[in-house]
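Trainee: Below are the sequence and a predicted model; questions follow.
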Amino acid sequence: MLGQVIGGNSSSRYFRYEVVGLRQSEDTNKIDYPIRSSGSVFITVPYNRMNQEMQRVTRLGGRIVNIHPLNPEAEVGN
């Protein structure tokens, strides 16, 4: 799942979520790949889909432990 991209291509700002605690459920059984129940999963998300992805992670029982911008222009304070 490392490098997985979620969402559309309308945004040039991407963020990488580090997620722990995702579990296999009825929702995740509908997708074509298994989700690990331990360790960190990294998900790349465009800025315009951050809220939807946070809600999806929560629904699947995961917890976001870190968010990093992938583009230099997305970093705050530079």
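Mentor: Looks like it arrived, so ask away. Numbering: from 1, shown residues only.
Trainee: Remind me what the longest helix seen in the chain packs against, helices and strands.
Mentor: Counting residues, the longest helix found in the chain (DSSP state H) is helix 50-59. Under the contact criterion of 3 or more C-beta pairs under 8 Å, 6 or more residues apart in numbering; DSSP states H and E, helix 50-59 touches strand 14-20, strand 40-46, strand 63-69. In short, each C-beta sits where N, CA and C put it, glycine included.
Trainee: let's see it at 7 Å
Mentor: Under the contact definition 3 or more C-beta pairs under 7 Å, 6 or more residues apart in numbering; DSSP states H and E, helix 50-59 sits against strand 14-20.
Trainee: Now do the buried residues in the strand it packs on.
Mentor: Within strand 14-20, the residues that count as buried by 16 or more other C-beta atoms under 10 Å are 14-17, 19.
Trainee: count of residues packed around Thr58?
Mentor: Other residues near Thr58 number 12, with proximity taken as other C-beta atoms under 10 Å.
Trainee: sorry, that was for Arg59
Mentor: Residues lying near Arg59 (other C-beta under 10 Å) number 11.
Trainee: and the gap between it and Ile43?
Mentor: Separation of Arg59 from Ile43 (C-beta to C-beta, to the nearest Å) stands at 14 Å.
Trainee: hang on, the earlier thing: give me the angle between the longest helix of the chain and strand 63-69.
Mentor: Here the directions of helix 50-59 and strand 63-69 differ by 160 degrees (axes from the mean of the first three to the mean of the last three C-alpha atoms, to 10 degrees).
Trainee: Could I have the CA atoms of helix 50-59 written out in PDB?
Mentor: Output of helix 50-59 as PDB, limited to C-alpha atoms (Å, rounded to 0.1, in the frame of the first residue of the first chain):
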ATOM      1  CA  MET A  50      -8.200  15.000   2.900                       C
ATOM      2  CA  ASN A  51     -11.400  15.200   4.800                       C
ATOM      3  CA  GLN A  52     -13.100  12.300   3.000                       C
ATOM      4  CA  GLU A  53     -10.100  10.100   3.500                       C
ATOM      5  CA  MET A  54      -9.900  10.900   7.200                       C
ATOM      6  CA  GLN A  55     -13.500   9.900   7.500                       C
ATOM      7  CA  ARG A  56     -12.900   6.700   5.600                       C
ATOM      8  CA  VAL A  57      -9.900   5.700   7.800                       C
ATOM      9  CA  THR A  58     -12.000   6.300  10.900                       C
ATOM     10  CA  ARG A  59     -14.900   4.200   9.500                       C
END
